[in-house]
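>>> With the input below, show me the fold.
(chains A and B)
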Amino acid sequence: MVSATTKIVNPMGMHMRPAQLFVNTASKFQSDITILYQGNRINAKSIMHLMAACLKQGSELEIECQGPDEAEALAQTVALIESGLGE
Amino acid sequence: MRIVDLLQPSRILLRASAEDQTAVQNQLVDLQMLSGAISNRDEYLEAIRAREAQGSTAIEAGIAVPHAKSQCVSAPCLSAMTLVNGVDYHAMDGKPSDLFFIIAAPLAGDVHLEILSHLMTLLMDPNFTKELRSATNPETFLAIIDRYESEKYPESPTVTQKQRPTAQILAVTACPTGIAHTYMAAEALEKKGKELGISVRVETQGSGGAKNILTSAEIAACDGVIIAADKEVDLARFDGKPLIQVPVSEGIHRPEALIQAAPKAPIYHHSGSVAVQAIENESFGRKLYKQLMNGVSHMLPFVIGGGILIALAFLLDDASIDYANFGTNTPIAAWFKNIGGVAFNFMLPILAAYIAMSIADRPGLMVGFVGGALAVSGATFSSPAGSDVSAGFLGALIAGFAGGYLTLGLRKVCDKLPNSLEGIKPVLIYPLVGLLLIGLFMCLINPIVGALNNALYNGLATMGNGSKIVLGFVVAAMMAIDMGGPFNKAAYLFGTSTLATANIAAGGSDVMAAVMIGGMVPPIAIALATTFFKNRFTQEERKSGPVNYIMGLCFITEGAIPFAASDPLRVLPSCIIGSGIAGALSMVFGCASPAPHGGLFVFPVMHNIVGYVIALVVGSLVGMILLALLKKKKA
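Numbering: from 1, shown residues only, chains lettered A, B, ... in the order given. You can find the predicted model right below:
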């Protein structure tokens, strides 16, 4: 299992469009991908869970990946968040 | 922020059907427009579509959450819809969508993230969505949301309990005059709110326009709304809020009860028209009164301005140049008479226009206005350009109410048209069909008026051989019946016709004198009543009362119209009897006039001035006393 801490940078936060993008990216991997935020464990492959987490600009979160392609999954998901989720 | 704070039962549409995504979007945006927080439907719909083009807002399991931020949104709002059949909303899981929540948010802030977050948390529970889909009425739907939301967010306070910047109770005060009661009620409500520790904010719709206008955000956040008004207030923006509606005097006298009652009041549902569905329990008579007063208060400036200029025309003219054209003999008099006349010509169309607008909202304005103008012109099918006989102010009243209710009916019928025609209703259908309807209606009414006028005129001609005193009573009384309509016109024409055969050197026609006095008594009687029996009149009426002395003395009967229009059943009989007695006395004293117009200014050339003045005073006093007896005391 690998994990990394990152921060939401895009001004609008994790609203629906970025969430979709994130879920699409996360779903490409076999590994389980979980976001830890404010003590909650969020399934990063579920758009509803992601949106329910209410991640805003500046929210600090931890991404946890476990599975055969965990390293690549972590790298890509962190990169996506830090690039501003396509915004 | 709680979902139940943003969603109103009126914006929940259950078990609807829609063919495709576009149809769903249209229906959802229509629901959102009911919030009053969105200023431009097309702009918002475009934003929703643009958002959809960037990626579907359908998430999974048949749920879609279309949303958009836009500058045309002033406060966050939410609507919901379920479909009996799912439609393809391009969901990621490829399934059709049948449960929709649409969100609108202002450009600034991240409030819609919180709404989405709350909503998603709840929607993850399959039991929740199952219950929502099986709900058959909006209240149940909302109750389900409330129940699950309270479970999931027990600590999350509703907006009500939070310390919040906006007021808990909102109020709108308005009275027909907009000078005193509007502000007294506002002050009483605000003061009482402070005492009770409840924040109260009041919008005053006074004569100078609306002040402290309530914002849609404030309306969205408030607990209840108080409408303390004696005239029409646009209630569309209060849709979905608890609302009580009372006369403005209640606002002054019972502020505490109103503030306590507002949050518990029934939820107000706006449905198109302001006037008719304003409040269920309002009596028909009270509605009529409010609609009437809306017309009268807008007409008043035309009467006052025009009346005074016409009076000045008589003052500045020389009657001896030509009695028949008194008022326009000299250029300066003609100028005043004509400018005043222009204002007078608008008086009745304005009366009808604002009565109709009060009934049917803005689409009614034009229909009523033209109806009033047709009443004035006396247009018929055979002489559409207008006939000799104006239907007068009673005709204009009919035109106003007919215009209003015809338009209202038209709007009802148009509700059945497809939504795609919504845009052309106000710019094409209402004006075109409304105009045709009122044109047909008035051309049906006017010939009746014309026939009545002819019959009256012939009746007077045969009476001319009988008792002079009775004739004097009748012609003078007729002048006061409709103040410019068929009765008035018949009497006046009969009077002027007697001038042709009268001996001008001997003072003129006795019938003409009786006619003139009959037209002078109503304004003077009203002016006297406003002076000596103030409590029978509204603030506005009291203030415009003195102008009636001038108009009465100048034989400008129209000065009485605003008073007669606002309370015809009491004012007209008083004026008719006062005028009749003055006319009879004028005959008894053998008074005669060589001029058809001019009032006080032609007294010097009349026969038996003293008798005429006595007749005028007696008639006016009788009118005044009757007004005092018949009219109820006002608060």
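
>>> number of nearby residues for the residue in chain A positioned nearest to chain B?
Closest to chain B within chain A is residue A:54: 3.4 Å, counting by CB to the nearest CB. Where you see a C-beta, it was placed from the backbone N, CA and C, and this is true even at glycine. By the criterion of other CB atoms under 10 Å in any protein chain shown, residue A:54 has 21 neighbours.

>>> If you tally nearby residues, what's the number for the nearest residue to it once chain neighbours are set aside?
Leaving aside its sequence neighbours, residue A:54 sits nearest to residue B:117 (CB to CB, 6 or more residues apart in numbering or on different chains; 3.4 Å). Neighbour count for residue B:117, taken as other CB under 10 Å: 22.

>>> ok, residue B:117 to residue B:430 distance?
43 Å (CB to CB, to the nearest Å).

>>> can you tell me which residues contact the spatially most central residue of chain B?
For chain B, residue B:358 is the residue whose C-alpha lies nearest the centre (CA atoms, centre = their mean; 2.5 Å). Contact analysis of residue B:358 by CB atoms under 8 Å, 6 or more residues apart in numbering or on different chains lists B:231, B:232, B:274, B:275, B:290, B:291, B:294, B:295, B:364, B:404.

>>> picking that back up, in a strand, the residue of chain A closest to chain B, correct?
No. Assigned with DSSP: H, G, I helix; E, B strand; the rest coil, residue A:54 falls outside any strand and is coil.

>>> That one contacts residue B:111, correct?
No. In this structure, residue A:54 is not within contact of residue B:111 by CB atoms under 8 Å, at 11.2 Å.

>>> all strands for chain A, in order.
A:2-7, A:32-37, A:40-43, A:60-66 (DSSP state E).

>>> which of those strands sits most buried?
The highest average neighbour count among these, using mean count of other CB atoms under 10 Å in any protein chain shown, belongs to strand A:32-37 at a mean of 20.

>>> Pull up the pairing partners for that strand, direction included.
If you go by DSSP bridges, strand A:32-37 pairs up with strand A:40-43 (antiparallel), strand A:60-66 (antiparallel).

>>> Restrict the first one to CA atoms and write it as CSV.
Read it as strand A:40-43. The C-alpha atoms that make up strand A:40-43 are tabulated as CSV, following Å, rounded to 0.1, in the frame of the first residue of the first chain:
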residue,chain,number,x,y,z
ASN,A,40,-13.6,9.6,6.6
ARG,A,41,-12.6,6.9,4.1
ILE,A,42,-13.9,7.8,0.7
ASN,A,43,-14.1,5.4,-2.2
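
>>> How far does that strand sit from its chain's centre?
Strand A:40-43 sits 10 Å away from the centroid of its parent chain (CA atoms, centre = their mean, to the nearest Å).

>>> Output the below-cut-off pLDDT ranges for the stretch 351-500 of chain B.
Applying pLDDT under 70 to the stretch 351-500 of chain B flags residues B:464-465.

>>> what's the distance between the residue of it found nearest chain A and residue B:103?
Ranked by CB to the nearest CB, the top residue of the stretch 351-500 of chain B for proximity to chain A is residue B:419, at 26.7 Å. Residue B:419 is 21 Å from residue B:103, where distance means CB to CB.

>>> higher neighbour count, those two?
residue B:103 (25 against 10).

>>> and the more buried one, what are its bridge partners?
Beta-bridge partners recorded for residue B:103 (DSSP bridges): residue B:67, residue B:78.

>>> rewinding a little: now the strands paired with strand A:32-37 in TSV, with mean pLDDT?
What follows is these, written out as TSV (pLDDT from 0 to 100):
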stretch	mean pLDDT
strand A:40-43	83
strand A:60-66	88
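
>>> and the residue of the stretch 351-500 of chain B closest to chain A, what is it in contact with?
Residue B:419 touches B:26, B:30, counting by CB under 8 Å, 6+ apart.

>>> Give me the phi and psi for it.
Main-chain torsions, residue B:419, degrees, to the nearest 10: phi -60, psi -30.

>>> Extract the residue ranges of chain B that are flagged as low pLDDT.
B:1, B:109-110, B:154-166, B:177-179, B:207-209, B:271-282, B:464-465, B:504-505, B:635.

>>> Now do the contacts for whatever residue of it ends up closest to chain A.
Nearest residue of chain B to chain A, counting by CB to the nearest CB: residue B:117, 3.4 Å away. Shown in contact with residue B:117 (CB under 8 Å, 6+ apart): A:51, A:52, A:53, A:54.

>>> Quick one: the residues you listed as CSV, columns for distance to residue B:168 too.
Converted to CSV, these look like this (distance: CB to CB, whole Å):
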residue, distance to residue B:168
A:51, 32
A:52, 31
A:53, 33
A:54, 28
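
>>> ok, those vs residue B:622, which is closest?
residue A:54 (78.6 Å; CB to CB).

>>> Residue B:526 - how many residues pack around it?
31.

>>> Could you pull up the residues touching it?
By CB under 8 Å, 6+ apart, the contact set of residue B:526 is B:545, B:548, B:552, B:559, B:560, B:563, B:571, B:575, B:623, B:624, B:627.
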